[in-house]
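Undergrad: predicted model, plus sequence, below.
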Amino acid sequence: MQVRGLLLLLVLILLAATVEAGKNKKEKAKKDSSECEDWRWGPCVPNSKDCGLGYREGTCKDESKKLKCKIPCNWKKKFGADCKYKFESWGGCSAQTGVKTRSGILKKALYNAQCEEIVYVTKPCSSKIKSKSKGQSPPLLS
């Protein structure tokens, strides 16, 4: 009987310790989270050069935070990595300028970024002539 009582007491002590540990985790999470709702975030600043891993600073009242962020190294566009656009298809090649153009409409501004509603991008026309019959078999002759 005494062994069974000791085992029961041991189980109860372990259970109480587990519950207490769970409470500490919840309290710690509450301390880390901010009650401020009006955060103002700056642009992503790369740690070196103009792309790669970096950080963005945010402020809200008297609080400030830093978040990790990343600017892709192929992202050299003037409208920044925090502005997401929906682009239409490329237009035809201009014989006068040798470039083709397309526009993009703002889809999402991340971290309250200041973004243009419509942007235009250009690229040089391809010198290669692409065939329209990709993936199609030639017609059968009878």
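TA: Cool, got the structure. Numbers count the residues shown, from 1 in each chain.

Undergrad: give the buried residues for the top strand by length along the chain.
TA: Ranked by number of residues, the top strand in the chain under DSSP state E is strand 99-109. The neighbour-count check on strand 99-109 (16 or more other Cβ atoms under 10 Å) flags 100, 104 as buried. No exception for glycine: its C-beta is placed from N, CA and C like everyone else's.

Undergrad: which helices and strands does that strand pack with?
TA: Packing contacts for strand 99-109, counted by 3 or more Cβ pairs under 8 Å, 6 or more residues apart in numbering; DSSP states H and E, involve strand 83-87, strand 118-124.

Undergrad: burial count for residue 125?
TA: Residue 125 has 15 neighbours, counted by other Cβ atoms under 10 Å.

Undergrad: distance to residue 57 added to the helices and strands packed on strand 99-109, as CSV?
TA: Below are the helices and strands packed on strand 99-109 laid out as CSV (distance: least, Cβ to Cβ, whole Å):
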stretch, distance to residue 57
strand 83-87, 18
strand 118-124, 25
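
Undergrad: with mean neighbour count and distance to residue 60 added, can I get these in CSV?
TA: What follows is these, written out as CSV (neighbours: other Cβ atoms under 10 Å; distance: least, Cβ to Cβ, whole Å):
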stretch, mean neighbour count, distance to residue 60
strand 83-87, 15, 22
strand 118-124, 12, 29
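
Undergrad: relative to residue 56, which of these is closest?
TA: Smallest distance to residue 56 across the helices and strands packed on strand 99-109 (Cβ to Cβ): 14.0 Å, for strand 83-87.

Undergrad: quick one: the closest one to strand 99-109, angle?
TA: Using axes from the mean of the first three to the mean of the last three Cα atoms, to 10 degrees, the direction of strand 83-87 lies 130 degrees away from that of strand 99-109.

Undergrad: contacts for strand 83-87?
TA: Residues outside strand 83-87 that contact it (Cβ atoms under 8 Å, 6 or more residues apart in numbering): 79, 102-110, 113, 115-116, 119, 121.

Undergrad: cool, stretch 48-68 as well?
TA: By Cβ under 8 Å, 6+ apart, the residues outside stretch 48-68 that reach it are 34, 36-47, 69-73, 75-76, 111.
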